[in-house]
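A.B. asks: kindly generate the corresponding structure for this input.
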Amino acid sequence: MPEKTPAPVRKAVIPVAGLGTRFLPATKATPKEMLPVVDKPAIQYVVEEAVAAGLSDVLMVTGRNKRPLEDHFDRVDGLESALKDKGDDAKLAAVQYASDLADIHYVRQGDPLGLGHAVLKGHQHVGHEPFAVLLGDDLIDESNPVLPRMIEVQERTGGCVVALMEVPHDTINLYGCAAVEQTGEDGVVRITGLVEKPDPADAPSNLAIIGRYVLAPEIFDVLRSTPPGRGNEIQLTDALETLAADPQSAGVYGVVLEGDRYDTGDKISYLKAVVQLAGRREDLAEELHTWLREYVAALDAPQVGGDAAR
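C.D. replies: Predicted coordinates for the structure are as follows:
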């Protein structure tokens, strides 16, 4: 009997139901995913990443007060007409680009029962196909993406694939951590276990799990039987650990990120993302870099009379 051809990865699930409490009061009435990174909301970068990897069928798992996300990716006739009447073709194109970027669907998560629960809400849309999960808090440098290679590994192995990032060993307690074994393929490891926020002394590696996954459809059955874990929530990492330990499964693999990643849910990382992404823009880089050099020089200069650098 001929081998069954692996199903291609065609769809992306983006959980966006979180409350964004780390950015209060800014997120009191504005979804955290709509916070601007230069001149685009953070969520648009994530959708663009999915589309660049060939995933133009996107499901967002939303919650209350997330309507602005739907509005952002919808057409706004009045705004478009005003821009057209003004002859502002550049802004008109930018607005229409967001609306035409992908085929976006929405489903409510309802009760906030964890990332595993949010992924389960995507089952009806995904069906029995492998799919990607992109967390909206994580922005990945588009010049060195990780998702295309993750998709290639999933389609080749039939297993689940997570993105991993090397972090200083003494900070691994801030992340989920992967125990791994080498595959002989550069940048790709097989995951043998997952530990949530381990003590650095007990951590099996310095490889942290970040917010990109390419999952086999078997994950849905495992999630349904996964009891609530940390925070009394259904944890995706618990389901992945079950699959990693199951000799009958196709396995769980990790692809190590080589580019930059920004956690836009963290204030300092968010500010770094704004500065670094703006610094790569042709229309902003020269003026921004000039100002940054002057600002840093002023910070380093001896202060006279106790005045702070401005």
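
A.B. asks: need the helices for the stretch 51-200 of the chain, in chain order.
C.D. replies: Counting by DSSP state H, counting those that start in this stretch, one finds helices in the stretch 51-200 of the chain at the ranges 67-72, 77-86, 89-100, 115-120, 123-126, 147-157.

A.B. asks: among these, which is nearest D137?
C.D. replies: Closest to D137 of the helices of the stretch 51-200 of the chain, according to C-beta to C-beta: helix 115-120, at 11.1 Å. Where C-beta positions appear, they are placed from N, C-alpha and C, glycine not excepted.

A.B. asks: the residue nearest to K91 when sequence neighbours are not counted: what's it in contact with?
C.D. replies: Nearest non-adjacent residue to K91, counting by C-beta to C-beta, 6 or more residues apart in numbering: L83, 5.2 Å away. Taking C-beta atoms under 8 Å, 6 or more residues apart in numbering, we find L83 in contact with 89, 91-92, 95.

A.B. asks: dump the residue contacts of the closest residue to P8 other than its chain neighbours.
C.D. replies: Excluding the flanking residues, the one nearest P8 by C-beta to C-beta, 6+ apart is E155, at 6.5 Å. Contacts for E155 (C-beta under 8 Å, 6+ apart) come out as 6, 8-9, 130.

A.B. asks: also V188?
C.D. replies: The contact partners of V188, by C-beta under 8 Å, 6+ apart, come to 149, 153, 253-256.

A.B. asks: now those: which count as buried?
C.D. replies: Buried subset of those (neighbour count, 16 or more other C-beta atoms under 10 Å): 149, 153, 253-256.

A.B. asks: so which of those residues would you say is closest to V58?
C.D. replies: V58 lies nearest to R149 out of these, by C-beta to C-beta, at 19.9 Å.

A.B. asks: pLDDT value on P41, please?
C.D. replies: Per-residue pLDDT puts P41 at 94.

A.B. asks: now do the residue lying closest to it once chain neighbours are set aside against K40, distance only.
C.D. replies: Nearest residue to P41, sequence neighbours excluded (C-beta to C-beta, 6+ apart): M34, at 4.4 Å. Using C-beta to C-beta, to the nearest Å, one gets 10 Å for the distance from M34 to K40.

A.B. asks: do V255 as well
C.D. replies: To K40, V255 is 26 Å away according to C-beta to C-beta.

A.B. asks: quick one: contacts of stretch 283-293?
C.D. replies: For stretch 283-293, contacts defined as C-beta under 8 Å, 6+ apart pick out 38, 275, 278-279.

A.B. asks: can you give me the strands for the protein?
C.D. replies: Applying DSSP state E to the chain gives strands spanning 11-15, 36-37, 40-41, 57-62, 103-108, 131-134, 138-140, 160-166, 176-182, 188-196, 207-215, 252-256, 261-263.

A.B. asks: dump those strands into JSON lines; add distance to T27 as well.
C.D. replies: Output for the strands of the chain, formatted as JSON lines (distance: least, C-beta to C-beta, whole Å):
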{"stretch": "strand 11-15", "distance to T27": "16"}
{"stretch": "strand 36-37", "distance to T27": "13"}
{"stretch": "strand 40-41", "distance to T27": "12"}
{"stretch": "strand 57-62", "distance to T27": "14"}
{"stretch": "strand 103-108", "distance to T27": "19"}
{"stretch": "strand 131-134", "distance to T27": "20"}
{"stretch": "strand 138-140", "distance to T27": "17"}
{"stretch": "strand 160-166", "distance to T27": "25"}
{"stretch": "strand 176-182", "distance to T27": "24"}
{"stretch": "strand 188-196", "distance to T27": "25"}
{"stretch": "strand 207-215", "distance to T27": "18"}
{"stretch": "strand 252-256", "distance to T27": "31"}
{"stretch": "strand 261-263", "distance to T27": "15"}
